[in-house]
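K.L.:
Below are the sequence and a predicted model for it; my questions follow.
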Amino acid sequence: MDKPREESQILEDLTTLAASPGYAHAVAHICHRDNVIHIKGKLKPSDMDRLFSSERLIRTELTTLIGLMAKKPLDLSLQPTDVVEGYVKRTDALLRELHDAMSYPMFAAMFEALNAGAEPPNPWCGLGIREPIFYGTESAYAFQYRDLVPEKYGADDDWMLKTKGFTSGQARTIAKTMCALMDEKGTRLFADARAAKAPPATFLPAFEFSLDEVAFRSGIAQGVVKAFFHAFLFVGDNAAFKEVGDFNEVAARPLLLTDRGTVLLFSHYAIYEALYESPFFWMLDDKPYRPTASKHRGAFAEQFAARRLAGVFGCEHVYTNVNLHRGKDIVGEADVLVIYGDRLIIVQAKAKKLTISARKGNDNQLKADFAAAIQDSYDQGWTCANEILAGECRLVDDKGNEVGLPPSIKEAFLFSLVSEHYPALAFQASQSLKFQTTDVIRPPFVMDVFLLDTLTEMLTTPLRLLSYVKLRVAVVDKLMSGHELTVLGYHLKQNLWLDDNYNTVMLEDSIARDLDTAMMVRRDNLPGDDTPAGILTKMRGTRYESLIKEIETRADPATLELGFHLLSMDEDSCKNVHSVLETITRKVQCDGKRHDVTLASSTTPGGVSFHCNPTLSPESIAVLETHCVKRKYQQRARQWFGVSVNPDGQVQFGVTLDFPWEPSEELDQLTANMKPAARVLDVLPQYTRGVSRIKLGRNEPCRCGSGRKYKKCCLD
């Protein structure tokens, strides 16, 4: 491959271009082109497509342009349309060239090794890591930065009011008002352009704000808004910003002062991210307050994790700052501990950032930052898990209460959590994290508070969340993606089950567009569907969903295991479960006798036997247990499940068999004449013939498992 120009030369050209007369109009044009979503009616996933275009400039590129432009006094002189378009084309070309230059060291090292017949070096170290750090998917949604500000800095409000003139809540309101005004102004410009059948002379008015209009719209006193403007107003000449990775002051202070007394703000993301990150650095400059600020910063991640997990598992299952006592010694501390059934989640939280030196490719600093932010938290979680599993450890939470453990622990999940933006976190974890596993301690799950927020927003029950965590950590060594939101988006669409035939699976970022849409609908109150089409929607109104909901209300280990098995099924298997339950319950309603059907798994040795009993009795329990033992043996499976339901489809009891298969002469005899588990397509017609005369109500769920009413499905 041809060697591109040096980065310094490209940045020099960009700096010269950014100093051109009226370049701010080109920046406004690019921000409108690459950040604005056009919605007609409801927000749809397809509306998000343009945000995943490879031609679009991403936030870090836009911040670089604005930072270079800020090196000189702002020139807002209006330029002819063709001049601005020329600026835009030249900007796009230079930034493509910059991307090539940043990627070159990684590819050059690989090609050089291949040509020499040597083992290719690890491309993701030193200068090679700069590319995924700079171009990686954003850590957070803009609205997450916005909405977490009061929670992150609420404990510091007295200091902020005294030294800055506003509280965290007021800052959030002012920033939200500016973003709402930006949307309104942009919409008006777009509408006027359509009416005039010509593009606007400039998009800059959409990004320009006066003190009076922000104060009026926000309902906050002018003095407070003025203090906010002062805190986030760019000052100086940004002289320290010389190359990619340097501190760019416009990221911390995104408001640019114009010569007409207004300020420019070019994106929602810029002000919300600055609002989330900058206040802590203000506090660090106040030496007497620094220890308090650091304490509050560390507590935020723990408290946030506990609150979000309690929303899923219930407060009674979530404990904070749990000390592990062995004799007189404290041998470990779990920041957050979740105990649900025979499953544990151990969360270790850190408030660490990637330093400037590491962003610029300093290998030693990269390793030091990763160790402090991720490796240390994992090691602490590993220690806690081992101490708990060793037994004879007394657990005491921060309220002084002893925490009881289940008699046995089936699985322990370790969450390494960071509260700050950590570029390319998923990627760095896949490359650098050193971890161990046992039969109980699963591979770690590395995340930031923004991912945890999204996980607990979309997977709102213990069964759903634990099932996803199980599936995710099971493929930690074969799945590659730019961000964990992409993986979650894939799971919500079609379940995170990966065929063992594949050694490596790469997921493209646009897979997350349905999730992105649903989160915007939920958090920004936009019209649209608040749940991605997929595993949470396709089985609505079916017997399968009813069974899952019943299991979700129980925390006993056996029921959890059955739930995990059901949630790991593909769509066809889910529909089969619905058809089986629908058919055997109607058969019982018809003849009053017990009926059963077995579903063997198509992916792993194992299955589920469904019984429908007219009445519950000790005999029926024994019959199902015996049936499951025989089926498990015949299939040579490690796991087998049994579910007994009444004629209305409600669960009566369940059976879980989970132990290695071993040969048995006794079971050989018991299963000698046992027929193999039949396919659902073969066995259901035998039952449906017997129940076909039972009339299905027009508004009842259709028997086919579509989730739709009978009158809108198979009735036709």
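P.N.:
Looks like it arrived, so ask away.
K.L.:
could you pull out the strands for the stretch 401-550 of the chain?
P.N.:
Here the stretch 401-550 of the chain has its strands, by DSSP state E, counting those that start in this stretch, at 411-418, 445-448, 479-481, 505-507.
K.L.:
I'd like the ones you listed laid out as CSV, including distance to residue 397, mean pLDDT and mean neighbour count.
P.N.:
Glycine gets a C-beta too; all of them are placed from N, C-alpha and C. Below are those laid out as CSV (distance: least, C-beta to C-beta, whole Å; pLDDT from 0 to 100; neighbours: other C-beta atoms under 10 Å):
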stretch, distance to residue 397, mean pLDDT, mean neighbour count
strand 411-418, 17, 97, 24
strand 445-448, 22, 95, 24
strand 479-481, 35, 86, 18
strand 505-507, 38, 88, 13
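K.L.:
how about those in CSV, adding distance to residue 520?
P.N.:
Formatted as CSV, the strands of the stretch 401-550 of the chain follow (distance: least, C-beta to C-beta, whole Å):
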stretch, distance to residue 520
strand 411-418, 24
strand 445-448, 19
strand 479-481, 20
strand 505-507, 21
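K.L.:
Which one, of these, ends up nearest to residue 43?
P.N.:
strand 505-507 (22.7 Å; C-beta to C-beta).
K.L.:
partners of that closest one, with directions?
P.N.:
Paired neighbours of strand 505-507 in the sheet (DSSP bridges): strand 479-481 (parallel).
K.L.:
returning to that earlier point: mind checking which of the strands of the stretch 401-550 of the chain is nearest residue 129?
P.N.:
strand 479-481 (15.2 Å).
K.L.:
what residues does that closest one touch?
P.N.:
Strand 479-481 is contacted from outside by 426, 430, 487, 498, 504, 505, 506, 507, 509, using C-beta atoms under 8 Å, 6 or more residues apart in numbering.
K.L.:
can we see that at 7 Å?
P.N.:
Strand 479-481 is contacted by residues 426, 430, 487, 498, 504, 505, 506, 507 when judged by C-beta atoms under 7 Å, 6 or more residues apart in numbering.
K.L.:
which residues sit in contact with the second one?
P.N.:
It refers to residue 430. residue 480.
K.L.:
And the third one, by the same measure?
P.N.:
The contact partners of residue 487, by C-beta under 7 Å, 6+ apart, come to 472, 479, 481, 496, 507.
K.L.:
Check which helices and strands the helix or strand where residue 282 lies sits against.
P.N.:
Counting by DSSP states H and E, the element that carries residue 282 is helix 268-284. With contacts defined as 3 or more C-beta pairs under 7 Å, 6 or more residues apart in numbering; DSSP states H and E, helix 268-284 has these neighbours: helix 142-153, helix 168-196, helix 249-252, helix 290-313.
K.L.:
Residue 142 is in contact with residue 268, correct?
P.N.:
Yes. The pair residue 268 / residue 142 is scored as a contact, 4.7 Å apart, by C-beta atoms under 7 Å.
K.L.:
the longest strand in this protein is where?
P.N.:
For the chain, the strand with the greatest residue count under DSSP state E is strand 329-340.
K.L.:
Doesn't residue 593 belong to a helix?
P.N.:
No. Secondary structure of residue 593 (DSSP: H, G, I helix; E, B strand; the rest coil): coil, not part of a helix.
K.L.:
where along the stretch 351-500 of the chain do the helices fall?
P.N.:
In the stretch 351-500 of the chain, the helices defined using DSSP state H, counting those that start in this stretch lie at 356-359, 363-370, 376-390, 425-432, 449-458, 462-474, 484-494.
K.L.:
Can you report how many residues neighbour residue 579?
P.N.:
Around residue 579 there are 23 other residues, counting by other C-beta atoms under 10 Å.
K.L.:
I'd like to know how far it sits from residue 593.
P.N.:
19 Å (C-beta to C-beta, to the nearest Å).
K.L.:
can I get the helices of the stretch 351-500 of the chain in a markdown table with mean pLDDT and distance to residue 330?
P.N.:
Shown next, in a markdown table, are these (pLDDT from 0 to 100; distance: least, C-beta to C-beta, whole Å):
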| stretch | mean pLDDT | distance to residue 330 |
| --- | --- | --- |
| helix 356-359 | 76 | 32 |
| helix 363-370 | 83 | 27 |
| helix 376-390 | 96 | 10 |
| helix 425-432 | 84 | 28 |
| helix 449-458 | 97 | 26 |
| helix 462-474 | 95 | 28 |
| helix 484-494 | 94 | 32 |
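K.L.:
Nearest to residue 190, out of these?
P.N.:
When the helices of the stretch 351-500 of the chain are compared (using C-beta to C-beta), the closest one is helix 484-494, at 28.7 Å.
K.L.:
The closest one versus helix 449-458: what angle between them?
P.N.:
Angle, helix 484-494 to helix 449-458, by axes from the mean of the first three to the mean of the last three C-alpha atoms, to 10 degrees: 20 degrees.
K.L.:
in helix 484-494, what counts as buried?
P.N.:
By neighbour count on 16 or more other C-beta atoms under 10 Å, the buried set for helix 484-494 is 484, 485, 486, 487, 488, 489, 490, 491, 492, 493.
K.L.:
just stretch 569-583 next, same as before
P.N.:
569, 573, 574, 575, 576, 577, 578, 579, 580, 581, 582, 583.
K.L.:
In CSV, list these along with pLDDT.
P.N.:
What follows is the buried residues of stretch 569-583, written out as CSV (pLDDT from 0 to 100):
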residue, pLDDT
569, 83
573, 84
574, 88
575, 88
576, 88
577, 90
578, 91
579, 89
580, 88
581, 91
582, 90
583, 89
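K.L.:
Show the residue spans covered by the helices in the stretch 1-150 of the chain.
P.N.:
Counting by DSSP H, counting those that start in this stretch, the helices of the stretch 1-150 of the chain are 7-18, 23-35, 59-69, 81-115, 130-135, 142-153.
K.L.:
Out of the ones you listed, the one nearest residue 408 is which?
P.N.:
If you check each of the helices of the stretch 1-150 of the chain against residue 408 by C-beta to C-beta, helix 142-153 wins as the nearest, at 36.4 Å.
K.L.:
if we can go back for a sec, any idea of the mean pLDDT for the helix holding residue 282?
P.N.:
Averaged over helix 268-284, pLDDT sits at 96.
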